[in-house]
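Asker: Got a sequence here, can you build the structure:
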Amino acid sequence: MNKPKIAWITDTTSSLSKEFIEKHHIHVIPLHVVINDKFYKETIDITEEDFYDRMKNEEGKFQSSQPNIGDIVDLYEKLKAEYDFGIAIHASSTLTGTYQTSVMAAEMAGFKLFAIDSHTGSYPLSFLVKRGIELVGQGLEIEEVVSKLNSLREHTKLYLVPSNLDQLHKSGRVSGSQKILASLFNIKPILSIEDGAAKIKDKVRTEKKAIAWLVNNLKEDLETKAVQKVAIVHANDKERAEGLEQLINHTFPQIKTEKLMLITVAGVHTGVGTLGLSWVNE
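Answerer: Numbering: from 1, shown residues only. From the prediction side, this is the model:
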């Protein structure tokens, strides 16, 4: 019996490298970023670096938007002719409607699709895509692959520390009075992506304490769980990201690290200079 031809689909929130995408023939659906009501396709019309650079230097409204359903229907029409079915792993359906749009587009195109709501984005989403490809390569049945990925998504960690509350305030995530108080007392909220949604996990007084909080949470997980790699995520602040990576390398020399630009879906809320840590407990 011939092995089925499987199409792998994700979206630009997965932060996968160009090399990995090309090697595994992954179809990446671009989300849109919106700057002063003008739409740009992520990674096609604008890079994350350009987006954050403009957010830093331009006045105006910065938003994100889900893909056009017609574009995904067109993609699935093409994939239907080449593949037996597809596996789509998308960013949290609470943070973006891309997952729902993808499922709807597959139905419209008559394309058999196993869709997974990752409940996250950024590094953990890239991890799920890579693990899915590994599991299929090991010969697991597709239903078992989906089941394992659905279980694994509950073990992902993604923590973000905004450099200030300006963008959170603009996007309606914090009130004006909260912003004033936070700036007066130099309060740093620590955001966590949990159950698909962004939550304020804790509040600390300084960036130094925020970094210590991130490191301590990683340390706690390492005491009882296996972590192969830690991602340092940043909103176009390479210098601070480098400093955090060096701290992680020094504190946990047994763990691999990588630096990733923060996905713009998160960045439109947390702003330029956001710094964070992400890992998956295996």
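Asker: contact partners of stretch 241-249?
Answerer: 211, 214-215, 218, 230, 232-234, 255, 257, 259, 275, 277 (CB atoms under 8 Å, 6 or more residues apart in numbering). All C-beta spots, glycine's among them, are computed from the backbone N, C-alpha and C.
Asker: Same check on stretch 52-69?
Answerer: 11, 29-37, 39, 51, 96-98, 101, 104-105, 108, 167, 170, 235-236, 261, 264-265, 267-268, 271-272.
Asker: now the residues you listed: which count as buried?
Answerer: Those of the contacts of stretch 52-69 that meet the buried threshold are 11, 29-33, 35, 51, 96-98, 101, 105, 167, 170, 235-236, 261, 264-265, 267-268, 271-272, by 16 or more other CB atoms under 10 Å.
Asker: from those, which ones fall inside helices?
Answerer: Counting by DSSP state H, the buried ones among the contacts of stretch 52-69 place 51, 98, 101, 105, 167, 170, 264-265, 267-268 in helices.
Asker: In the chain, where is pLDDT below threshold?
Answerer: 1, 164-186 (pLDDT under 70).
Asker: can you give me the helices for it?
Answerer: For the chain, the helices defined by DSSP H cover 18-23, 48-57, 69-82, 98-109, 122-137, 142-152, 166-170, 176-185, 207-224, 238-251, 264-270.
Asker: What's the local residue count around Arg205?
Answerer: 11 (other CB atoms under 10 Å).
Asker: didn't it look like it was pressed against Lys188?
Answerer: Yes: if you go by CB atoms under 8 Å, Arg205 and Lys188 touch, sitting 7.2 Å apart.
Asker: For Lys225, which non-adjacent residue is spatially closest?
Answerer: Excluding its sequence neighbours, the residue lying closest to Lys225 (CB to CB, 6 or more residues apart in numbering) is Asn281, at 4.0 Å.
Asker: OK, contacts around the one you found?
Answerer: Going by CB under 8 Å, 6+ apart, Asn281 touches 155-157, 221, 225-227.
Asker: Kindly report the same for Ser163.
Answerer: 207, 235, 237, 271-275.
Asker: follow-up on the earlier one: would JSON lines of the helices of the chain with distance to Ile89 be doable?
Answerer: Converted to JSON lines, those look like this (distance: least, CB to CB, whole Å):
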{"stretch": "helix 18-23", "distance to Ile89": "13"}
{"stretch": "helix 48-57", "distance to Ile89": "20"}
{"stretch": "helix 69-82", "distance to Ile89": "14"}
{"stretch": "helix 98-109", "distance to Ile89": "9"}
{"stretch": "helix 122-137", "distance to Ile89": "5"}
{"stretch": "helix 142-152", "distance to Ile89": "7"}
{"stretch": "helix 166-170", "distance to Ile89": "27"}
{"stretch": "helix 176-185", "distance to Ile89": "35"}
{"stretch": "helix 207-224", "distance to Ile89": "23"}
{"stretch": "helix 238-251", "distance to Ile89": "25"}
{"stretch": "helix 264-270", "distance to Ile89": "15"}
